[in-house]
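With the sequence up front, the predicted model follows.
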Amino acid sequence: MARFKTISKNLDIMEAYARGKRGVIYKHGKVCIKEKNPKSAVDTLGNETAYLEMMNKKGIGPKMIRYSGGKLYREFVEGIRIKDFFEQENDKRMIVSVIKQVLRQCREMDKLKINKKELTNPYKDIIITPDNTAVMIDFERCRRSSKPKNVTQFLQYISRNKKELEKKGIIIGKDAVMKLGKEYKEKSTDKNFDRIIKLVK
């Protein structure tokens, strides 16, 4: 624990790794330290901490370390963003595996009645590690919802990237996606979700 206290004291002399509207991220080895952006009127770190802890119980997201002093400490995820992965990866099996990983994580969040919100354009929210594991990050905008839309939102993203995927030999018909997405939206059952998973091949 002393090591993390030292990190916290030295935040002012550490170079920011990334800046967003609501938060500033610092990297210290394999640890990501996130604090509120001073320019933001909203502090979402408490909300993000609570949902990240929930997600970790389902094997989703980077490993939570702790939240103290208004700062969130979590595992730093090495890798590339999902759009870059789609563009750079040529192994069809790897791409299909990543898509299914994300869909299954979306399904878990739907079952928990949690909506992540950013999944129609998750460019900054899904990192693909060197061993081709899809890791969702940034849970600051998560909210409870009686009708979460994680699966259907990610399907929209896949549909928008169909041309890039077709270049890699992955054919996902837009009409089929819309049909199965609508059926899943009306009845979010395991059966309807399995039909979506089988569509990706």
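The structure has been received and is ready for your questions.

pLDDT (mean, whole number) over stretch 101-108?
Per-residue pLDDT over stretch 101-108 has a mean of 98.

show me the contacts for the most centrally placed residue in the chain.
The C-alpha lying nearest the average C-alpha coordinate of the chain belongs to residue 136 (C-alpha atoms, centre = their mean; 2.4 Å). By C-beta atoms under 8 Å, 6 or more residues apart in numbering, the contact set of residue 136 is 55, 60-61, 102, 105, 116, 122, 125-126. To be clear about C-beta, it is placed using only N, CA and C from the backbone, and glycine gets the same treatment.

Return the member of these nearest to residue 200.
The nearest member of these to residue 200, counting by C-beta to C-beta, is residue 102 at 10.1 Å.

Just confirm the closest one contacts residue 155, I think it does.
No. Residue 102 lies out of contact with residue 155 (C-beta atoms under 8 Å); the separation is 10.3 Å.

between these two, which one's more packed in?
Higher neighbour count among residue 102 and residue 155: residue 155, with 26 against 23, using other C-beta atoms under 10 Å.

State the distance from the more buried one to residue 17.
Distance of residue 155 to residue 17, computed by C-beta to C-beta, to the nearest Å: 31 Å.

Repeat that for residue 159.
In terms of C-beta to C-beta, residue 159 sits 32 Å off from residue 17.

same check, this time on residue 135
Using C-beta to C-beta, we find residue 135 at a distance of 16 Å from residue 17.

now swap in residue 164 and tell me
Using C-beta to C-beta, which is the criterion applied here, residue 164 is 28 Å from residue 17.

Map the structural domains onto the sequence of the chain.
2-75, 80-199 (automatic domain parsing).

Would you single out the least confident of the ones you listed?
domain 2-75 (a mean of 82).

quick one, longest helix in this protein?
helix 92-111 (DSSP state H).

distance between it and the chain's centre?
In terms of C-alpha atoms, centre = their mean, to the nearest Å, the centre of helix 92-111 is set 11 Å apart from its chain centre.

Stretch 113-129 now?
Going by C-alpha atoms, centre = their mean, where stretch 113-129 is centred and where its chain is centred differ by 4 Å.

Would you mind listing the buried residues in it?
By 16 or more other C-beta atoms under 10 Å, the buried positions in stretch 113-129 come out as 114-119, 122, 125-128.
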